[in-house]
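In: sequence unknown, structure follows:
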């Protein structure tokens, strides 16, 4: 049986020659919640963008649900992998919340009734069922982050990939988002600097630094290793 995420020996350089990833090998199991941590510039976002083909490395051994990330499989993989950006304004572009959340299902050529059902179910899942007719850009940052998550849930993904989901949230919104993520039974990879979030939500932590995985262990073990954390620009909250 294939794992939801399988990466083997991924190396990636940007056109300016900067090597962002260096021989990364990583597997994430079914319904496993893993945190991806490391200093700024470690390669976390670059790695995540490879998971649904927004960044591509020719010949790279990346499989999602057993399918290699190729042109032929890209549509299926992007339906399976729900990628939520750090800034929700990068994800929300329609006049109304409903239109943003319905965008993905519409482009899957689903019947209108199913598009509406998926859209309302996704809004319900993130606690935003009453916001369908609201204007996305008039919402708070916490509300926008929930809507951004709903835009990928409407695609019914198998895997959630989130970049800094708690960044910019006030304590109440942060707590609400943590409860939401904890309630979701999905394979989840989350890049974050929020070590308290890591401690509360993720049994497994992967440390990425200078494009390399330098640690991959239980969160409890990693958080107890203050020397390891300090060496990679991290500190326990």
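Out: Yes, it's here. None of these values were measured; they are calculated from a predicted model.

In: residue ranges of the helices in the chain, please?
Out: Residue ranges of the helices in the chain, as given by DSSP state H, are 44-50, 74-80, 97-106, 112-125, 141-153, 171-183, 195-201, 219-224, 226-231.

In: Format those as JSON lines; extra columns: distance to residue 6, mean neighbour count and mean pLDDT.
Out: Yep, even glycine has a C-beta here, placed from its N, CA and C like the rest. Output for these, formatted as JSON lines (distance: least, CB to CB, whole Å; neighbours: other CB atoms under 10 Å; pLDDT from 0 to 100):
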{"stretch": "helix 44-50", "distance to residue 6": "12", "mean neighbour count": "22", "mean pLDDT": "94"}
{"stretch": "helix 74-80", "distance to residue 6": "12", "mean neighbour count": "17", "mean pLDDT": "89"}
{"stretch": "helix 97-106", "distance to residue 6": "24", "mean neighbour count": "22", "mean pLDDT": "94"}
{"stretch": "helix 112-125", "distance to residue 6": "27", "mean neighbour count": "17", "mean pLDDT": "94"}
{"stretch": "helix 141-153", "distance to residue 6": "21", "mean neighbour count": "23", "mean pLDDT": "92"}
{"stretch": "helix 171-183", "distance to residue 6": "23", "mean neighbour count": "14", "mean pLDDT": "88"}
{"stretch": "helix 195-201", "distance to residue 6": "23", "mean neighbour count": "18", "mean pLDDT": "93"}
{"stretch": "helix 219-224", "distance to residue 6": "21", "mean neighbour count": "16", "mean pLDDT": "95"}
{"stretch": "helix 226-231", "distance to residue 6": "25", "mean neighbour count": "12", "mean pLDDT": "94"}
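
In: Minimum distance to residue 17: which of the ones you listed has it?
Out: Ranking those by proximity to residue 17 (CB to CB) places helix 44-50 first, at 14.1 Å.

In: which residues are contacting stretch 90-103?
Out: Stretch 90-103 has contacts (CB atoms under 8 Å, 6 or more residues apart in numbering) with 84-85, 115-116, 118-119, 122-123, 128, 131-137, 139, 144, 147-148, 150-151, 154.

In: just stretch 176-184 next, same as before
Out: 33, 125-127, 142, 145-146, 149, 160, 162, 165-166, 169, 188, 190, 197, 200-201.
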